[in-house]
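> what follows is a protein structure lacking sequence information:
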């Protein structure tokens, strides 16, 4: 089949990436969608079981830091669009191991940029019809006070963790490739995502699983830190829209206009999980356990998505309570998936499958 275009989605076996891959495969049967993922601990092909046999879907196991192989993949499949989601993303892990975050998030992004530049510039049409779309985070902006201010696309960068510093650096490289080489790039910065298939080291799936097993719910400090929450399917919709209709070299913020203090969010989770499990009201509240605050813990994140709404008409489709209900139900109904992740069985399976590759 002659495809209209070929998109490479990096990190497509991860949480957000799998939702983007699924959306693109189903929505654009005339596109070839290549899911390129290293299958680190956070990557799981079980996230894409429902579309793995689709004729326009292809999985390639590679490391974005392997410049030569990335270049070969881009050339072999004549990729004309890249949606770059592959990243190390857990702040606590970045505090323990900043080198891995610098390698994957900075050097991996640079490897991808340079490979795309070399392959695309060698073609007669060069950058015509090409797009390099880099997905980043609101954490690059630093922190906000409780004064109602929001992060906009013009806020200065002020990262406070090795994770956010690595993402800030990768953002700068993407913009530099547009300014220096004319590469048609896009950058988006999103707020905290939640929903199905999220790796259970993150707050919402971790707490759902802990409530299910009656384990402690560790809350940093007093639980007063505020985050803006975005349902992952809405984020995937935004990525699709921006990739196709966003202006080249622009930055767009993607947020849920949906701020919650951590402790209030946790109480909503407890109430929802207890209700769906048939527990008495307040049954799991004693599981809340306050722990020493995270080093460099940002006080508040809040994204202003006005630009995205005005230019492209995007807005979240769900209220938070609706999204939490859908999310909790999914994890409770997919306990085999959750148990496979928490046991590490999926990692052993992939190592055996791809041994020596």
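Structure's in. What do you need? The structure presented is a predicted model; accordingly, all values stated were derived computationally and were not measured.
> and residue 223, backbone torsions?
Here is the backbone geometry of residue 223 (degrees, to the nearest 10): phi 80, psi 20.
> residue contacts, residue 62?
Contacts here follow Cβ atoms under 8 Å, 6 or more residues apart in numbering; on that basis residue 62 touches 36, 37, 38, 69, 70, 73. Glycine gets a C-beta too; all of them are placed from N, C-alpha and C.
> swap in residue 8?
When contacts are counted by Cβ under 8 Å, 6+ apart, residue 8 touches 34, 36, 73, 74, 77, 79, 81, 82, 83.
> pairing partners for the helix or strand hosting it, with directions?
Using DSSP states H and E, residue 8 sits within strand 5-10. Sheet pairing of strand 5-10 (DSSP bridges) gives strand 31-37 (parallel), strand 81-84 (parallel).
> I'd like these as TSV, with mean pLDDT appended.
Converted to TSV, those look like this (pLDDT from 0 to 100):
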stretch	mean pLDDT
strand 31-37	98
strand 81-84	98
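> now these in CSV, with distance to residue 234?
Formatted as CSV, the strands paired with strand 5-10 follow (distance: least, Cβ to Cβ, whole Å):
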stretch, distance to residue 234
strand 31-37, 20
strand 81-84, 16
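> now render the ones you listed as a markdown table, adding mean neighbour count.
Formatted as a markdown table, these follow (neighbours: other Cβ atoms under 10 Å):
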| stretch | mean neighbour count |
| --- | --- |
| strand 31-37 | 25 |
| strand 81-84 | 25 |
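> nearest to residue 275, out of those?
Of all the strands paired with strand 5-10, strand 31-37 sits nearest to residue 275, with 35.7 Å by Cβ to Cβ.
> by contact count, what packs against the very next helix or strand once past that closest one?
Next helix or strand after strand 31-37 toward the C-terminus (DSSP H and E): strand 57-61. Packing partners of strand 57-61 (3 or more Cβ pairs under 8 Å, 6 or more residues apart in numbering; DSSP states H and E): strand 31-37.
> circling back: let me know which of the strands paired with strand 5-10 is the nearest to residue 185.
Closest approach to residue 185 among those is made by strand 81-84 (9.5 Å; Cβ to Cβ).
> just the residues contacting that closest one, thanks.
Contacts to strand 81-84, defined as Cβ under 8 Å, 6+ apart, come from residues 5-11, 20, 64, 109, 112, 116, 130-135, 239, 243.
> so what touches stretch 28-37?
With Cβ under 8 Å, 6+ apart as the test, stretch 28-37 has contacts from 3-14, 17, 21, 24-25, 43, 48, 55-62, 64, 70, 73, 77, 79, 86.
> again, but for stretch 159-179
87-91, 93-95, 98, 101-102, 104-106, 109-110, 113, 117, 132, 134, 136-137, 139-140, 142-143, 157, 183-185, 187, 189, 248-249, 296, 298.
> now the strands for the stretch 251-357 of the chain?
251-254, 259-261, 288-291 (DSSP state E, counting those that start in this stretch).
> just name the most buried of these.
strand 251-254 (a mean of 23; mean count of other Cβ atoms under 10 Å).
> name every strand pairing with that strand and say which way it goes.
Paired strands of strand 251-254, with direction, are strand 185-190 (parallel) (DSSP bridges).
> which of the residues in the strand it pairs with are buried?
For strand 185-190, a neighbour-count test (16 or more other Cβ atoms under 10 Å) marks 185, 186, 187, 188, 189, 190 as buried.
> ok, the residue of the chain most remote from its centre - contacts?
Ranked by distance from the centre of the chain (Cα atoms, centre = their mean), the top residue is residue 280, with 34.6 Å. By Cβ under 8 Å, 6+ apart, the residues touching residue 280 are residue 274.
> now the phi/psi pair for it, please.
phi -60, psi 150.
> how far away is it from residue 216?
19 Å (Cβ to Cβ, to the nearest Å).
> how distant is the helix or strand where residue 207 lies from the center of its chain?
Per DSSP H and E: residue 207 is located in helix 203-213. Its chain's C-alpha centre and that of helix 203-213 lie 20 Å apart, by Cα atoms, centre = their mean, to the nearest Å.
> against which helices or strands is it packed?
The criterion is 3+ Cβ pairs under 8 Å, 6+ apart, and the helices and strands that helix 203-213 contacts are strand 217-220, helix 262-277, helix 320-333, helix 335-343.
> with mean pLDDT, distance to residue 197 and mean neighbour count added, can I get the ones you listed in TSV?
Listed next are the helices and strands packed on helix 203-213 as TSV, based on pLDDT from 0 to 100; distance: least, Cβ to Cβ, whole Å; neighbours: other Cβ atoms under 10 Å:
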stretch	mean pLDDT	distance to residue 197	mean neighbour count
strand 217-220	96	21	18
helix 262-277	97	17	18
helix 320-333	96	8	18
helix 335-343	90	8	15
